[in-house]
Structure formats: structure tokens, C-alpha cells
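Undergrad: please work out how this folds:
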Amino acid sequence: MNRQELMQVLDQEISGERCLESATHITRFYRSPGASGYHRATDFSADLFRATNVDKVWVERYPLDGENATLAWEPISAELRVNSPSGKLLVTYEDSPSCLPWYTPSTAPGGVTLDLVDVGTGERPEDYQNKDVKGKVVLIRSTERANGWAHSATLAMDHGVAGIITDYLLYQTAPFRTRESLPDPVMLLRMPPRRDCWAIVVNYHAAEELASLAAQGGTKVFADIQAKTFKGEGQNLFADITGTDKSDEYIQFVCHSTAGTKPGANCASGPALSVEMARTMSGLIASGRIPRPRRTIRFLINIEGQGTKDYALKHPDAFKSTITTIALDSVGHDQRKSKSALLFYRSPDSLPTFVNDFYSNLMGLTPKETRWVFHNSPSIPFVNFVEHPYCPWSDNSSIPFYGVPSPLLMSWPDLYFHTDHLTADNLDPDVFHRCGVTTALAALELANAGPDKTRDIMRLVGIRSQARLSQIALNAMDSTEKPRIRRRLAHLAKRDQQAIESALVLLDSDEIKQNPEVKATMNQMQTEIGDRLEQTSSWLQDGSPEPDNFAPGEVVPKRGVNRRVGLSGVDYLDLITMAEEMEARDPKMRYDSLRIIGDELWMFIDGKRTVNQIAEAIGAEFDFDLEPRHILKIVQGMAKEGLVTVG
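TA: Numbers count the residues shown, from 1 in each chain. Alright, predicted model coming up:
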């Protein structure tokens, strides 16, 4: 069956309506790690897998014991009122399950009535000057900085507060998703590692009312929060479509049955689409309409992050023989209701891979929702499906650490991301369908890839690379940053040459020896990329001098721990200053840019690259005019914490 025929079959068989039905059922459960609702959602997904024709379904369990994995946590009840147990009701768990941050402790049984103190955003020590907050409740207001919540909550605990009320809204995206323009939703948060007090989340209206009352003085709040933190159990749910001659190699999907909150329709989308793709592919194989794939197609539904870690520890050989792991997150959003697009986030440049261009190319080829007036081919999209650089939202941020490329599929922006408003009626069968057809096609083609397909992929990456270099150079003809653009072109060309070579993973050593034309194609496409780099760089030669070398950045960092560390070691207020300096230099950057910068910094640290080289590579990946001094500051913070050594 050729590609066109396979696309048509998948287009006919994959059901967005079935995805919506499954996701809607999952939203009934509160799915924090280890909670009863998490287990019910995972068990429901297992039953759906077992009802398909997949070859194997099984579960591996691991302890949530606070040692190798965090403890389990489950909410029971909560309410917040003004002044007393009979005062005005501000929020309840029953109405807004997202009001309890994961891992918040309980109040005393029967609740507590305490004084309220407004500390603004609570980010700075001066927010607490001349304010007696010990043993009281503080009101912390939202900022645009997502990790501001953890910092402010920790600072509040440093001052001995008994409880925190906040209206934080994470990942604000003006003008649609801001605290003021979206006042009603209640955001789910997670407590920072320190949990010396309880916390509860309210919407913007309630926070404004509390701020007004606190300004008058003498305001109290009544809070009754009951939740349990306990030693529990996690599940890794697997389903396999077993391969033939290369069954010990894997094309894998990963998603999570845990959720930001109930209803959590975004996190329900991944399991729903996984089951539907498994049902479609295994059914087509069982009916003889498509052949059994050469490689095994594996589905994993887990606790986000923790499940992947457990899988990597228990199955290192399977990880080593995995071609790619595609992460599925919020893959079914109604784009009009949620103001979103379906996004393909590339696997990070720190692990060059052919998968990025391969999948991106399929996005343009798979059937769209309607036809042009002058022919019958479905070529006009109603579902907005676009490619973006790497983004560390989900398991895709940890899997490359084990050497496996991992792109991510999700929707963004998202008006109701991880809030009580993200109900199943914000999902769209058409988005599920479009994502499912493209992704199932990618899985089947890679699962069957041999020498001819490998050569095709190498040619594809080479051609797209040359077009990419040309487009970047043409767009920069009037730029004042030509030296930086030339350096960026060089980095991208090298990345793409390595991505072409990465396609050799599709062949074993015998296949490579028996098909010398594969390496000939690889060498040819790498040479053509080099030639195009030379050509496009010449377009930008205007005599602009290269910047002076940043001498302190010639140091080489080496990892000291075998785990991702983010921006550990740099003070939150220093990060704010750094982000302001970055944005002043390059308006594309903002505070949230630090997250992707820190993530890729850790991945690029290999004991060989200098800080200057790492800064260049990260800048090239995200098209940031990044100063090495900022990367050095982050590295120095890591070194202070013993996370890296610098030589």
C-alpha cells in the first residue's frame, strides 16, 4: 500500500467522535498521582486497549513512596469563606476541583478562621516589611511569571504563614489568557517542595474582593481543607502492536492519565487518541488491509514524568532501541473555543534527529477538512496545525535525556489550560482526527522503514534544510544582525547534517553494508547542505564585524548529576533581571524564555562544549540574540549548587 492509499484508509477509519467519547468519560475523574480517580482513568484506558486488536496490554506498578517517586496525594474537600464558617462563600472543591494545589496539607479538622494579610505578588522581601503574617493567611496575587508562584509561596512559608490564598493564572498569553481578561477560571497549581502551610486558589473576582477587604483591615477568612498525602502506587499502562523482523525496535507514543485538574479535558485527550490510533492500526492489520509493521508500535500511558522515569529504569534496552517517542498532550482542543492551534513541537536540537522534518512534512500532506472549488482533493484546512521549536511541556522534555528523540503534539494557546473551565465541550472531533491521521501515518511509515525509506528521509531533510537556510538568509537581507544570522545558519546546517545521519538508526549494520547507496545519499545531502550554507552566507556578507569573543565563556561545564535541573542555583529575582536584560536586547525573548533556555543548556552540557558554544547553539535553535554572559551566570548558579563542574 502506497502513502496515498494509506492516508485514505486512516482518514476513513480514525474517529474523532470516538476520541471525544473516551476523553469525556476520563474527565469524570480527579487524576492526581496515586488518587482513586487516577487509577479509575488508567483502568478505563486499559479496558479500551483490551477491546482493540492490539497484541499485548499490561500494567507495571511502582511505589509512590516519596523516595524514588513523589508520594500520592488526593483531595477530599475544601471551602473558603469570608470571616467565618457562615460567611460569604468564595470557592469550594465541589464547584472548582482545581482550587486545591497538588500536595497542599489540610487545615485542622473543621477548618480554621485566621487573619488575612495582602502581600501583593509576594515576590520580594519588601512585600513583607512592616507586616505581621506569622500564623496568618496571606493573599498572593498572580504575575505573568509561571514559576513566580513557587517562589512566592516559599517566601511566604519563610515568614511563617499558616495559609496562602492566590489567584495565580499560569502561562498568561495576552490578550486572550490574562488574569483580567479571563477572570472566572480557577487555576490548578502545585505546591513547592516545602509544604509548611496549606494553600487554596480562587478566581480573579474573589481575589479582588479579598484585596479590598484586606485594605480595610481586620478581615478574617475561614478555610476548611481536607486532603491526604500517602504512600500509594503508580501505573505504567502499555499496549503493543508487535512488529515482525524488527520487533525489538520501537516506535512509541507516550501520554499521561494524570491531569491538571478535574475535568482536565486537555490531559484526557492523549489517552483517548492513543487508544483510537491503536484500535485503528491493529484493526487494519487484523483485517489484512495493511501489513503488520516491522517494528513494534508501543503505547505508554503514565503519570507525567514519573512514569517515564520508571520505564527508563526498568527497560533500558527498550529505550536504547526506540526510534522515537511521540508525546501526546492536549491533542483535541476546539480551536475556536480555546483560541488555540494544534502544535507540533520539535524534538530539541541538542539531540539532532530526522524525525522533526519527517513529521512536519506529513503535516502538509495529510488530508485537510475540505476541498478547493476546482478539484476534489481535500486541501483546505479548518484545523490549524503548525510547527514550533522545542517546548518542555511534558514527557518530551525528559525522554531526549535518555537519547531518544521526542517531539510533542499539543494545543496552544489554551484559554482554560489546567483550570476548572477545561471541560469536554471544549474538545473537537475534527482536531482529534487531523492529529490522529498524521500521527498514525508517521508511526506506520517509520515502523516499516527500510533502506529505500531511509534514503527518502535523508533527501527530505536535505531539501528542507536547504530551503530553510535560503529562507532565513532571504529574510535577513535587510537585517542589522547579519553576523549573528550567519552564525545561526552555520549551526542549523550542522544540525541538519547530523539529523540526516541520525536516519541510519532505521537500518542495522547488515542493511547498511548491503545498501551502500544509503551512505552515498547521506554524504550527497550533507554536501549539498554545506554548499547551500556557503551560498546563503555569502548573501549576508556586508563587512559587518564579528563580535569580540567573550573570554569568560570559554570554560567547559560538565554535569555533576544525572538528572535535569532547570534553572537551579540562580535566584528568582536575578532571573527577573536577566530576563529584562534579554528582552531589551532581543524583544522576542521574555521571562518564560528562560525555561527553554535552561532546558537546552542542560542538554547541551556534554563536557566538550564551551559556554560560548552552548549560547550560540541555543540562540540558533530559538532565533534568540543570546548573550553568553547570561548562560555563564546560569552555569555558575548550577556550579554553586554542585550540579555541574566548570573547567
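Undergrad: backbone phi and psi for the residue sitting furthest away from the middle of the chain, please?
TA: Distance from the C-alpha centroid of the chain peaks at residue 218, with 43.4 Å (Cα atoms, centre = their mean). Per-residue torsions, residue 218: phi 80, psi 10 (degrees, to the nearest 10).
Undergrad: host element of residue 239?
TA: strand 232-241 (DSSP states H and E).
Undergrad: what residues does the helix or strand that that strand is followed by touch?
TA: Toward the C-terminus, strand 232-241 is succeeded by strand 246-256 as the next helix or strand (DSSP H and E). Strand 246-256 is contacted from outside by 243, 267, 270-271, 273-274, 277, 293-304, 307-308, 318, 321-329, 394-395, 399, 404, 406, 439, 443, 446-447, using Cβ atoms under 8 Å, 6 or more residues apart in numbering. Every residue, glycine included, has its C-beta placed from N, CA and C.
Undergrad: one more: stretch 574-586?
TA: So stretch 574-586 is contacted by 145, 567, 570, 589-591, 593-594, 624-627, 630, 633 (Cβ under 8 Å, 6+ apart).
Undergrad: which ones among the contacts of strand 246-256 lie within helices?
TA: Counted as lying in helices by DSSP state H, out of the contacts of strand 246-256, are 267, 270-271, 273-274, 277, 307-308, 318, 439, 443, 446-447.
Undergrad: could you dump those residues to JSON lines with neighbour count, distance to residue 153 and pLDDT?
TA: Output for the ones in helices among the contacts of strand 246-256, formatted as JSON lines (neighbours: other Cβ atoms under 10 Å; distance: Cβ to Cβ, whole Å; pLDDT from 0 to 100):
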{"residue": "267", "neighbour count": "26", "distance to residue 153": "23", "pLDDT": "94"}
{"residue": "270", "neighbour count": "31", "distance to residue 153": "28", "pLDDT": "98"}
{"residue": "271", "neighbour count": "27", "distance to residue 153": "31", "pLDDT": "98"}
{"residue": "273", "neighbour count": "30", "distance to residue 153": "34", "pLDDT": "98"}
{"residue": "274", "neighbour count": "28", "distance to residue 153": "34", "pLDDT": "98"}
{"residue": "277", "neighbour count": "27", "distance to residue 153": "39", "pLDDT": "98"}
{"residue": "307", "neighbour count": "27", "distance to residue 153": "26", "pLDDT": "96"}
{"residue": "308", "neighbour count": "27", "distance to residue 153": "26", "pLDDT": "96"}
{"residue": "318", "neighbour count": "17", "distance to residue 153": "38", "pLDDT": "95"}
{"residue": "439", "neighbour count": "26", "distance to residue 153": "38", "pLDDT": "98"}
{"residue": "443", "neighbour count": "24", "distance to residue 153": "41", "pLDDT": "98"}
{"residue": "446", "neighbour count": "24", "distance to residue 153": "43", "pLDDT": "98"}
{"residue": "447", "neighbour count": "22", "distance to residue 153": "45", "pLDDT": "98"}
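Undergrad: export these to a markdown table and tack on distance to residue 386?
TA: Converted to a markdown table, the ones in helices among the contacts of strand 246-256 look like this (distance: Cβ to Cβ, whole Å):
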| residue | distance to residue 386 |
| --- | --- |
| 267 | 21 |
| 270 | 19 |
| 271 | 24 |
| 273 | 18 |
| 274 | 22 |
| 277 | 21 |
| 307 | 28 |
| 308 | 26 |
| 318 | 32 |
| 439 | 15 |
| 443 | 20 |
| 446 | 22 |
| 447 | 25 |
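Undergrad: any chance you could map the strands in the stretch 251-400 of the chain?
TA: Per DSSP state E, counting those that start in this stretch, the stretch 251-400 of the chain carries strands over the ranges 295-302, 322-328, 341-345, 370-371, 378-380, 385-388.
Undergrad: where exactly do the helices run in the stretch 351-500 of the chain?
TA: Counting by DSSP state H, counting those that start in this stretch, the stretch 351-500 of the chain has helices at residues 355-365, 429-448, 451-475, 482-502.
Undergrad: could you identify which of those is most buried?
TA: Neighbour counts (mean count of other Cβ atoms under 10 Å) averaged over each of the helices of the stretch 351-500 of the chain peak at helix 429-448, with a mean of 24.
Undergrad: packing partners for the host helix or strand of residue 11?
TA: In this assignment (DSSP H and E), residue 11 forms part of helix 3-13. Secondary-structure packing of helix 3-13 (3 or more Cβ pairs under 8 Å, 6 or more residues apart in numbering; DSSP states H and E): helix 265-286, helix 429-448.
Undergrad: what angle do strand 232-241 and the last one make with each other?
TA: When axes from the mean of the first three to the mean of the last three Cα atoms, to 10 degrees is applied, the directions of helix 429-448 and strand 232-241 differ by 70 degrees.
Undergrad: how far is helix 429-448 from where the chain is centred?
TA: 19 Å (Cα atoms, centre = their mean, to the nearest Å).
Undergrad: same thing with the first one?
TA: Distance, stretch centre to chain centre, for helix 265-286: 20 Å (Cα atoms, centre = their mean).
Undergrad: in that helix, what counts as buried?
TA: For helix 265-286, burial by neighbour count (16 or more other Cβ atoms under 10 Å) applies to 265-282, 284-285.
Undergrad: so which elements touch it?
TA: Under the contact rule (3+ Cβ pairs under 8 Å, 6+ apart), helix 265-286 is packed against helix 3-13, helix 16-26, helix 36-50, strand 232-241, strand 246-256, strand 295-302, strand 322-328, helix 429-448.
Undergrad: looking at those, which is nearest to residue 340?
TA: helix 429-448 (8.8 Å; Cβ to Cβ).
Undergrad: CA atoms only for the closest one - export them in PDB, please.
TA: The C-alpha trace of helix 429-448 is given here as PDB (Å, rounded to 0.1, in the frame of the first residue of the first chain):
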ATOM      1  CA  PRO A 429     -13.500  15.600  17.000                       C
ATOM      2  CA  ASP A 430     -12.000  17.300  13.900                       C
ATOM      3  CA  VAL A 431      -8.800  18.200  15.800                       C
ATOM      4  CA  PHE A 432      -8.500  14.700  17.200                       C
ATOM      5  CA  HIS A 433      -9.000  13.300  13.600                       C
ATOM      6  CA  ARG A 434      -6.400  15.500  12.000                       C
ATOM      7  CA  CYS A 435      -3.800  14.800  14.600                       C
ATOM      8  CA  GLY A 436      -4.600  11.100  14.600                       C
ATOM      9  CA  VAL A 437      -4.300  10.600  10.800                       C
ATOM     10  CA  THR A 438      -1.000  12.400  10.600                       C
ATOM     11  CA  THR A 439       0.500  10.700  13.600                       C
ATOM     12  CA  ALA A 440      -0.700   7.200  12.800                       C
ATOM     13  CA  LEU A 441       0.800   7.600   9.300                       C
ATOM     14  CA  ALA A 442       4.100   8.700  10.800                       C
ATOM     15  CA  ALA A 443       4.200   5.700  13.100                       C
ATOM     16  CA  LEU A 444       3.400   3.200  10.400                       C
ATOM     17  CA  GLU A 445       5.900   4.600   7.900                       C
ATOM     18  CA  LEU A 446       8.700   4.700  10.500                       C
ATOM     19  CA  ALA A 447       7.700   1.200  11.800                       C
ATOM     20  CA  ASN A 448       8.100  -0.200   8.300                       C
END
